[in-house]
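# Mind folding the following:
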Amino acid sequence: MKHDILISISVLAALVGCTKVDVRTPERVQSDVCFNTPVVSSITKVVGEIDGLYPTSESFAVFSVYHSESFNGWDTGVSYINRAEFTYNALVDDSDSDALGGWTGGYYYPKSGKLSFAAYSPFSAHADSPGVGTGTFEYASAGLSIANFTIPELAAQYDLLYSERIYDKTANDGVGDGYEGLDLVFQHALSSIKFKVQKKAAYTGYTITLKSISLENINYKGSFAENIQNETSDVYASKPAWTPTNEFDESDGLDDLTNYMIYNSSLVITEAATDTDDVKFHTIPQGAILLPQTFGESDTALIRVNYTIKPTSMPEISQTATIPLNKLSEGWVIGKRYTYNISIGYDTITISPTVIGWEDVNGDVAVN
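Residues are numbered from 1 along each chain as shown. This is a model prediction of the structure:
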């Protein structure tokens, strides 16, 4: 592989001394650890950073463990890479046939033995000290854990990802022209929320205008555990889960809940359902990437929709509808996109959620 030398001999020596693993020399072809363009799970594409290919402007954090033979447990090997940042390098390509490059971090394969890997994205999601970043990330035998994660404000939200593990790799894996590193598969850690809106009918002589959509009393703090179980290099099973800081039915009020203004402008709704029940919607471009959570029996968490109805030659009438989220589904599941289809009528508004890559959620609610 025609790579630039990414680390100096002095750094290499320090790395060897730290891990007690004999490392290949930088001159060896394909001796440096690198990753191909990461693959994002096809379960759903969420709003935010990830849309199609993993962006070259983004970096991710990598963990690696060394075993002299095959992988037999994360805690039984030698920690080789501990949350190092891997960034894009256009030169990571033998033939440069597609100019995609790869992600590198300045680490080299050992002369013997094998490396296993895991990662999360983006690298900047972690907090090294109180008040910095959005969570404290750790990695161990059960996989990734995140303590005290806080969802950013809407404008700063990103697609939080965690990878499947890669087992038993050496410098000789993937040898060939165009090699750009190991394949890395990411899973979504949060839930994606989107909105669409239409009129229930044409309503000739009436103008319906959407003014705002907000999600209110939503939990935005929590902790994550990947919960890897029954693991070998051939078997991988996990039960990823979030624990919100405060559930909706707890008695301590709304201290750990917040509101998100999804849309706040003025959209005249021209699309309408037809007599044949065809569905036509305006897509609201704004969305949210939020904490997976359950809504319980409380109706505190809700969608609020403000809109106006204006009959011809008459004053505009302001309307507000509030729909408890627990009337629509039990909660938001990790790695799923929830699209709330809003149909505004002359005297009612209906919201019907669907879940991409999962089953449709039953349960519409009409509010007079």
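
# looking at it, V279 is touching A273, isn't it?
Yes: counting by Cβ atoms under 8 Å, V279 touches A273, with 6.3 Å between them. (Each C-beta comes from the backbone N, C-alpha and C, glycine too.)

# Name the helix or strand for the closest residue to T300 other than its chain neighbours, please.
Spatial nearest neighbour of T300, chain neighbours left out: N217 (4.6 Å); criterion: Cβ to Cβ, 6 or more residues apart in numbering. Assigned by DSSP states H and E, N217 belongs to strand 206-219.

# Show me what counts as buried in that strand.
For strand 206-219, the neighbour count (16 or more other Cβ atoms under 10 Å) marks I208, T209, L210, K211, S212, I213, S214, L215, E216, N217, I218, N219 as buried.

# isn't S59 right up against R83?
No: in this structure S59 lies outside contact range of R83 using Cβ under 8 Å: 11.7 Å.

# low-scoring pLDDT stretches of the chain, where are they?
1-30, 41-52, 93-99, 130-131, 174-179, 230, 232-233, 247-255, 275-278, 354-368 (pLDDT under 70).

# measure G102 to V197 for me?
42 Å (Cβ to Cβ, to the nearest Å).

# sorry, back to before: neighbour count for S59 and R83, which is higher?
S59 (18 against 15; other Cβ atoms under 10 Å).

# ok, now which ones touch that one?
E85, F86, T87, Y88, W103, S121, P122, F123, S124 (Cβ atoms under 8 Å, 6 or more residues apart in numbering).

# Specify the beta-bridge partners of the fifth one.
Yep, that's W103 we're talking about. Here W103 sits in beta bridges with F35, Y88, as judged by DSSP bridges.

# Please work out how many residues are found near it.
27.

# Can you name the residues that contact it?
C34, F35, N36, P38, S59, F60, F86, T87, Y88, N89, V92, G181.

# Please repeat the previous calculation with a cut-off of 7 Å.
Taking Cβ atoms under 7 Å, 6 or more residues apart in numbering, we find W103 in contact with C34, F35, F86, T87, Y88, G181.

# cool, and the first one?
With contacts taken as Cβ under 7 Å, 6+ apart, E85 has the following neighbours: S59, A61, G105, F123.

# Output stretch 190-198 as CSV, nothing but the C-alphas.
Provided in CSV are the C-alpha atoms of stretch 190-198 (Å, rounded to 0.1, in the frame of the first residue of the first chain):
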residue,chain,number,x,y,z
LEU,A,190,-30.5,6.9,18.7
SER,A,191,-34.0,7.3,17.2
SER,A,192,-34.9,9.4,14.2
ILE,A,193,-38.0,11.5,14.2
LYS,A,194,-39.5,13.0,11.0
PHE,A,195,-42.8,14.8,10.1
LYS,A,196,-45.0,15.0,7.0
VAL,A,197,-48.2,17.0,6.7
GLN,A,198,-51.2,17.2,4.3
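
# contact partners of that stretch?
With Cβ under 7 Å, 6+ apart, stretch 190-198 has contacts from 44, 46-47, 160, 210, 213, 215, 262, 269, 271-273, 280-284, 287-292, 332-334, 336-344.

# check which helix or strand covers Y346.
Per DSSP H and E, there is no helix or strand for Y346.

# thought A119 was touching L184?
Yes: assessed by Cβ atoms under 7 Å, A119 is found in contact with L184 at 6.1 Å.

# can you list residues touching both of those two?
What both A119 and L184 touch, as defined by Cβ under 7 Å, 6+ apart, is the set S163.

# Name the residues that touch the strand holding N217?
So strand 206-219 is contacted by 193, 195, 197, 199, 244-246, 254, 256-264, 266-269, 284, 288, 290-291, 293, 300-311, 344, 346 (Cβ under 7 Å, 6+ apart).

# Separate out the buried members of those.
193, 195, 197, 199, 244-246, 256-258, 260, 262-263, 267, 269, 284, 288, 290-291, 293, 300-309, 344.

# show me what contacts the residue nearest to L325 when sequence neighbours are not counted?
Counting by Cβ to Cβ, 6+ apart, L325 lies nearest to A301, which is 4.5 Å off, once chain neighbours are set aside. Applying Cβ under 7 Å, 6+ apart, we find A301 in contact with N217, I218, F248, F295, P324, L325, N326.

# Count the residues that sit near T204.
6.

# tell me the secondary structure for it?
Assigned state for T204: coil (three-state reduction, DSSP: H, G, I helix; E, B strand; the rest coil).

# I'd like the distance between it and F86.
59 Å.

# before we move on, what about I303?
I303 is 39 Å from F86, by Cβ to Cβ.

# Please identify the buried residues of the host helix or strand of S79?
Following DSSP H and E, one finds S79 within strand 78-89. The neighbour-count check on strand 78-89 (16+ other Cβ under 10 Å) flags V78, Y80, I81, A84, F86, Y88, N89 as buried.

# Distance of the last one relative to D32?
N89 sits at a distance of 10 Å from D32 (criterion: Cβ to Cβ).

# Which residues are in contact with each of these two?
With Cβ under 7 Å, 6+ apart as the test, N89 and D32 both reach T104.

# Pull the contacting residues for P285.
Applying Cβ under 7 Å, 6+ apart, no residues contact P285.

# ok so it is a helix residue?
No: secondary structure of P285 (three-state DSSP): strand, not part of a helix.

# and the gap between it and R165?
On the measure of Cβ to Cβ, P285 and R165 end up 36 Å apart.

# Please apply the same query to T270.
From T270 to R165 the distance is 49 Å (Cβ to Cβ).
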